[in-house]
Structures are given as C-alpha cells and as structure tokens.
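Engineer: structure for this input, please:
(4 chains)
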2 protein chains.
Amino acid sequence: MPNLPTIKEIAKRLNLAASTVSRALHNHPRIGLRTRMKVQELARELQYEPNQTAIFFQQKKTFTLGIVLPELSEAFFSAAISGIEDTANKSNYMVLLGQSHDDTTREQKIVEIMKNHRVDGLLVSLAKNTVNYAHFEMLRKYNIPVVFFDRIPNMPSIHYVASNMESGTIQAVSLLLQRGHRVIGMINGPEKLTASQQRTTGYQKAMQLQRLKYDASLNVNADLTKESTRNAMQQLLAHKRKVTAIVAFNDYVSQDAVQYALEQGLEINKDLTFVSYANLPLSSYMAFPPLASVEQYPYLQGQRATEILLDLLSGKLPLDQYQQIVIDSRLVIAPGR
Amino acid sequence: MPNLPTIKEIAKRLNLAASTVSRALHNHPRIGLRTRMKVQELARELQYEPNQTAIFFQQKKTFTLGIVLPELSEAFFSAAISGIEDTANKSNYMVLLGQSHDDTTREQKIVEIMKNHRVDGLLVSLAKNTVNYAHFEMLRKYNIPVVFFDRIPNMPSIHYVASNMESGTIQAVSLLLQRGHRVIGMINGPEKLTASQQRTTGYQKAMQLQRLKYDASLNVNADLTKESTRNAMQQLLAHKRKVTAIVAFNDYVSQDAVQYALEQGLEINKDLTFVSYANLPLSSYMAFPPLASVEQYPYLQGQRATEILLDLLSGKLPLDQYQQIVIDSRLVIAPGR
DNA sequence: TAAATTTGCGCAACCGTTTGTCCAGCTATT
DNA sequence: AATAGCTGGACAAACGGTTGCGCAAATTTA
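Structural biologist: The predicted structure follows:
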C-alpha cells in the first residue's frame, strides 16, 4: 500500500513549510497567489486528501452524530432516520447508528461506546422500559448534547421533539362522528403511556365538541400484542351498545382487529369502520386498510430533531435553552374514501 | 467545561512519564506492580477515559464500518442492518450509516465521505441503477476492503454475500404442483435482474422435476410498481389456460396482486393461491397473506457479510482471496396452511 | 530617504496516545 | 569484585494537520 500523500509530503516537494501548505490549501490570504496555485496544483496531482482522523483529533470534533433508537424494522424509525440522515448530510455530518432493541442495558452500552467515539451529539429515542437516565445525564460532563425524539424521557431539562396524538385523535373521532357513527370503540395502548393518555383526551374532546357524552367503557387498554388486541375486540363487540367504528392504537393493531372482525363474519367498512395511527406505507397494501390514519410525521420529527442538534453544536442555540418541540399529529384520509 | 483527564494529567500528578502511565493502564509487564496500581487507581478516581479520536489517529484505525444501502424502510434492509450491527458490536466496531435511496450519485458521495472518515471497511448493497463501480474500485488505493451483500456488482474480484432465489423458487413451485395446481403464473421482476433470472430458472427446474412442460407465457416480467403488477395480473387472468396459482416477485407485489384479484371477484386461496418472496413480518398482518413465502435471510446475510469483513480486517482472511457466499433461499409455509 | 506598513512564509507548539530505545540502579553470577 | 543480566521507568519521536507568532523583504507612506 503506497502511503497516502500528506501535507508534509507536499511541503517537502515544494520546499515549503507544512504550515504554508496547509494555509495555501485553505486559501489563506496571507499566502501569495503564486505559491497557493503551486500547492493546489501539486495537491490535485497527488490526489491529496486531508486525513480526517487527524483533523478530528486536532479540532476535537468528529462531524459525527450518534443515533440511538429501538428498532429500525419499525416503519416509524426507519422513516425518522431518513430525516435525520438527510439533514445531517446537508451539514456534512455522518450518522453513527445503534439499535437498543428496546433493551435498556444495550442502550447504555451504545451510549457509552458513542461517547468514546466522541460523537459530537446524540439523537435518542428511548428503549421501551428505560426509566433511569443516568447514562444520558453523564453526557453533560463530556459536553455532548442530546436531543430526544418520539420516545422522550420524563425530565424537565432536555431538548426534544415529539408528536402530540391529541389533535389527530380529535380529527379521527370527529370524522367518524361526522359520518354518522355514534358508538365508537377505541383500542388504546398501555394506560401509563403518554401516547395513550393523549388519545383518550383527544377522544373526550372530540365528543365534547359535539356535546356528546364520553363513555369510558368504550375505551379499552391493550398492550399492542395480537392476543391483547383480540381480547379488546371481543370486549368491544360484546358491548351493550352496538359499536360501528373503532379507533385502533396503530395500523398494526388495526390489522389484527380487522382480522378478528372478519373471523366474526363482520363486513369491514359496512358493519365496522376502522381508523388508526401511523399511516404506514404498507397500509396501501392491505386488503382492508383503515378509512383514515393519524400521521405522526416521522421524517419531520427526525429532521427537526437533527436541526436542533446541529444548531446546538454550531452555537446558534445555547445548550441550556431547552428546545421542546411538539408536532401536532394530523388525520390522513385514505385516497378515495 | 472542565477538561477531561488525559494520560499526561495522570503522569504529572504521579510524577511519571506519559509512556509509563500508558503502559501501566495496559498492564504492561515492564511496569512495576506498585506503580501500575497507583496509576490505575488514580485513573479510576479521575474517571479517565482514553481519547478514542487520538487512538484512531495514532493507530490509523477507527473501529468503524461503513454501511451503504438503498433504503432502510425496506424490510429486507432493516433486518440486514440488525445482523450487521450485532456482529460488528461484538467485535467492538461501530456502524456508520448511509442510504443511497437508490441514487447512484448519492451512493458515490456517501462512499467518498466514508472514505474521508477513514472507515476501516465497507458493507455495500448497490443502488438499483449503479452500473459503474469506480467509486468502489478507488477504495483499494485506500486499503478499505468492501464486502457487498444482496445487491452485488457484476464483477469478478469482489467479496460478496448474496442469496440464490433458485432453490426457494423450486420449492415454491413444487409446493403448488404438489397441491394440485397445474397452471401456475409468475409475476417476475425486470428481465435483466439476476434475481429474476434465478426465479425463472427455478420455475423451469421445478416443472422439469415433475416432467411437466414449462410455459413461458405464464412467466410475466413486471417492474414492481403497482401499475405494472396489475397489468401482469390482467395478462395472467386472461391466459387461455386457467391460472389457479401465482408466484409473485415479493410480498408487496403479492399484495397488489391480491387486491386486483379481489376486485375481479376472485376468492383468494380458492380460485387463486399466492406464493411470494421475502417472508415479511407484515404478511402476518395481511388479511390474505400468501400461502408461503421464500425467505431470503436478511439478518443472516448481514451477519455473514460482516463476519467476512471483520476477518478481512483482522487479517484472518487475505484481502485477495475473494469470498463469495451464496445463501440458498428457502420456502417458509405460513403457519397452519 | 527614513519610517511604517504590508506581504509572504517559516518555526514551533500542540492535540493524546503509543512504542522503540536508552539508561540507571539493582541483583545475580562466577 | 567485576561483569552480565534484569527491572522499572524516562525520553522522544511519531501519527497529520492547524495556528499563533516572528521575521525578513517588499512596498507604501510621510
């Protein structure tokens, strides 16, 4: 392997000092035009490329952003990472990836390694059961800013970007009401999740808007597993009032619910209408896609979070001015429905 | 920001040379036990952490693997990257991500940046229309080995891991034949793709195995768009022989086809049976999942490709001994079918 | 014409860690 | 007691690039 050309190499060949070469390559005005040209020409000829690792080391900056998230196979995150990557690349940053697979221990380990790799900043979406945030707190000591997105910790002094399900839920329920549905079931997520609470609030507000009474027994908590969804469906279909529409926690849950309904001999979109969350691209591949789905803008969330992080890094935003962005969700009605 | 402790700092405090501290921390036998302990204790006390960027620079090694692939939102790739990440992490490597979004120009740019970041090696799955491989060839000069996976270039001297669709196709068609189907349609991909050719060969061989005649007019090329799939379906359903089963290029195509069939009033699994490729997790969410799907082992491909790359980097495998691994695909029958 | 300023470039330190070499003092050998 | 062999550690260079400072020559200003 023929060693790569360095600044020193160029300097030697032209009988110049390394510093002169460095400045010449950066078009420093104090270097004469004549020398500047000579240097740049030889650099081109030798196909000189600055050694980034040397620069990283010297400048104490790696132009690398660490991303820690649960699962890329979840459509939400794979969309979010595109927003992150595109934004980062525009500012010449690269993206170091780590999946926690929803395991806190792994999350801690990833953060540790990223810290050692001296990433300039971190974008994080928490593992499902992370409740201790020490591994993020310690990053302050290393001056590595963190911006959380989507799954954010329950802490005051942090930067984050998250979406609010309330607005989308209001729209979803309102749509169903407007189409004449009066008994609307909701398959909600785990009770303690903020995302579940927001859905409940949205449901309540939508009813209130039409001066209708909210019936808590129509709002069933489940845990997103197929099993649990089927139980919820059973409960809803057995309700004393006849449920004609269902708001499902997300598109996956919606599909499980549809399957159950079909097994019960119900006709989708006639006996029972579905609305859900996520607006997955795959819903267009479904035989019975939901009537509408609440969009959470994963790409946008990734983009905004990255923009904030970059502003934090460039000093455009002070580190202690906590950015907390909430993106309103919005209902997207399936084309032609 | 209180400056982080360095080896020099420790050396100064203990009146030692930096070199001694370095060796002490590495448990070098030439350093007396007494000093070793003192150093390690102070290091712990100061919470010393070696500056990786300095080490990277000095060792000319970054413990970073670059990943270049088309789209993480495709289930195949998001599964593959998990295999890559898990394997890399086991050897203390990190993963630098870049999506080409199937754009060759972008692919070139990403490779360039990764080269500048001095990744130790590269794992690549090509953009759809990349035909010129200069941006990979030039990596030889920088001594950065590349292992391709799944979408591999048409070149002799490369390392790669790819799957062969032939075996899975034979199994798929054989299954249908065994279940009594005699007129089997195939919605294939673009003609020039190796993956399409392998499917065709598999189809032919399966027929041959049963001494049946292969009818080329039942094997229709499409380009994976919904539009194109619907055209293919139209063509197949209008065939003079009555098609009772269809092998679709992948699960997405399969769903488009199912949708079309439903619109035509056909009953899935009775009038028409589907088999496809990919075995996406989402197929379990489909109202009409394919009877069976050919598994391409994305996780395994990512894992094997990474293992090879790591062996190349560690010198366990010589760089010029080209590793070309073909993973046979395998039919997975949907549970209970 | 002398003084002041500008121009063009070299010198040297520095970032943090690793590693080859050298050396002083001690121990052991004969 | 002289020599050889260890032991434990220091010194310095190196990785590649950046940057503050100094200084001579050229140019402008008074």
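
Engineer: OK, contacts around the residue of the stretch 1-150 of chain A found nearest DNA strand D?
Structural biologist: Per Cβ to the nearest atom of the strand, A:Ser19 is where the stretch 1-150 of chain A lies closest to DNA strand D, at 2.5 Å. No exception for glycine: its C-beta is placed from N, CA and C like everyone else's. The contact partners of A:Ser19, by Cβ atoms under 8 Å, 6 or more residues apart in numbering or on different chains, come to none.

Engineer: just the one 3 residues further on next, same as before
Structural biologist: Residues in contact with A:Ser22, defined by Cβ under 8 Å, 6+ apart, are A:Ile7.

Engineer: roughly how far out does the helix or strand containing it sit from the chain middle?
Structural biologist: Using DSSP states H and E, the element containing A:Ser22 is helix A:18-25. Centroid displacement of helix A:18-25 relative to its chain, using Cα atoms, centre = their mean, to the nearest Å, is 42 Å.

Engineer: cool, and stretch A:210-224?
Structural biologist: On the basis of Cα atoms, centre = their mean, stretch A:210-224 sits 28 Å off its chain's mean C-alpha point.

Engineer: just the buried residues of it, please?
Structural biologist: For stretch A:210-224, the neighbour count (16 or more other Cβ atoms under 10 Å in any protein chain shown) marks A:218-222, A:224 as buried.

Engineer: one more: stretch A:175-185?
Structural biologist: By neighbour count on 16+ other Cβ under 10 Å, the buried set for stretch A:175-185 is A:175-177, A:181, A:184-185.

Engineer: now that stretch: average pLDDT?
Structural biologist: Stretch A:175-185 carries an average pLDDT of 96.

Engineer: got a list of contacts for it?
Structural biologist: Residues contacting stretch A:175-185 (Cβ under 8 Å, 6+ apart): A:173, A:203, A:206-207, A:210, A:212, A:215, A:218-220, A:236, A:239, A:241-247, A:273, A:275, A:291-292, A:331, A:333.

Engineer: do the same with stretch A:123-138
Structural biologist: Contacts of stretch A:123-138 (Cβ under 8 Å, 6+ apart): A:65-70, A:77, A:80, A:84, A:100-104, A:106-108, A:111-112, A:115, A:122, A:146-153, A:155, A:302, A:305-306, A:309.

Engineer: run the last query once more with 7 Å
Structural biologist: Stretch A:123-138 has contacts (Cβ atoms under 7 Å, 6 or more residues apart in numbering or on different chains) with A:65, A:67-70, A:77, A:84, A:100, A:102-104, A:107-108, A:111, A:146-153, A:155, A:305-306, A:309.

Engineer: gap between A:Asp102 and DNA strand C?
Structural biologist: Distance, A:Asp102 to DNA strand C, using Cβ to the nearest atom of the strand, to the nearest Å: 33 Å.

Engineer: wait, what's in contact with that residue?
Structural biologist: A:Asp102 touches A:70-71, A:127-128, counting by Cβ under 7 Å, 6+ apart.

Engineer: then A:Leu224?
Structural biologist: Taking Cβ under 7 Å, 6+ apart, one finds A:189, A:249, A:253 in contact with A:Leu224.

Engineer: mind giving me the PyMOL select for the residues you listed, buried ones only?
Structural biologist: Only the buried entries of these go into this PyMOL selection, using 16+ other Cβ under 10 Å:
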select buried, chain A and resi 189+249+253
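
Engineer: TSV please, covering the contacts of A:Leu224 and showing pLDDT, secondary structure and distance to DNA strand C.
Structural biologist: Shown next, in TSV, are the contacts of A:Leu224 (pLDDT from 0 to 100; DSSP: H, G, I helix; E, B strand; the rest coil; distance: Cβ to the nearest atom of the strand, whole Å):
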residue	pLDDT	secondary structure	distance to DNA strand C
A:Gly189	92	coil	45
A:Phe249	95	coil	48
A:Val253	90	helix	49
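
Engineer: looking at the contacts of A:Leu224, which is nearest DNA strand D?
Structural biologist: Nearest member of those to DNA strand D, counting by Cβ to the nearest atom of the strand, is A:Gly189, at 50.3 Å.

Engineer: I figured the closest one hits A:Val247, correct?
Structural biologist: No - assessed by Cβ atoms under 7 Å, A:Gly189 is found out of contact with A:Val247, at 11.6 Å.

Engineer: so the nearest residue to A:Lys213 once chain neighbours are set aside: helix, strand or coil?
Structural biologist: Using Cβ to Cβ, 6 or more residues apart in numbering or on different chains and skipping residues adjacent in sequence, the residue nearest A:Lys213 is A:Met207, 6.8 Å away. Of the three states, A:Met207 takes helix according to DSSP: H, G, I helix; E, B strand; the rest coil.

Engineer: gap between A:Met207 and A:Glu166?
Structural biologist: To A:Glu166, A:Met207 is 13 Å away according to Cβ to Cβ, to the nearest Å.

Engineer: so which of those two has more stuff around it?
Structural biologist: A:Glu166 (22 against 18; other Cβ atoms under 10 Å in any protein chain shown).

Engineer: got the contact list for the more buried one?
Structural biologist: A:198, A:201-202.

Engineer: out of the contacts of stretch A:175-185, which are inside helices?
Structural biologist: Using DSSP state H, A:173, A:203, A:206-207, A:236 are the members of the contacts of stretch A:175-185 that sit in helices.

Engineer: JSON lines for those residues, including distance to DNA strand C?
Structural biologist: JSON lines is the format used below for those (distance: Cβ to the nearest atom of the strand, whole Å):
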{"residue": "A:Val173", "distance to DNA strand C": "57"}
{"residue": "A:Tyr203", "distance to DNA strand C": "55"}
{"residue": "A:Ala206", "distance to DNA strand C": "57"}
{"residue": "A:Met207", "distance to DNA strand C": "61"}
{"residue": "A:Leu236", "distance to DNA strand C": "60"}
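
Engineer: tell me the two of those residues that are most distant?
Structural biologist: Spatially, the most separated pair among these is A:Ala206 and A:Leu236, at 17.7 Å (Cβ to Cβ).

Engineer: which residue ranges of chain A form strands?
Structural biologist: Counting by DSSP state E, the segments of chain A that form strands are A:64-69, A:94-99, A:121-124, A:146-149, A:159-164, A:184-188, A:219-221, A:245-248, A:273-277, A:292-295, A:324-328, A:330-333.

Engineer: roughly how far apart are the residue lying closest to A:Val294 once chain neighbours are set aside and DNA strand C?
Structural biologist: Of all residues beyond its chain neighbours, the one nearest A:Val294 is A:Gly168 (3.4 Å), with distances taken as Cβ to Cβ, 6+ apart. Separation of A:Gly168 from DNA strand C (Cβ to the nearest atom of the strand) stands at 48 Å.

Engineer: try A:Thr169
Structural biologist: 51 Å.

Engineer: go ahead and confirm that residue touches A:Thr200.
Structural biologist: No - between A:Thr169 and A:Thr200 there is no contact under Cβ under 7 Å: 8.2 Å.

Engineer: so which residues on the stretch 101-250 of chain A come close to DNA strand D?
Structural biologist: Applying the criterion Cβ under 7 Å from any atom of the strand, no portion of the stretch 101-250 of chain A neighbours DNA strand D.
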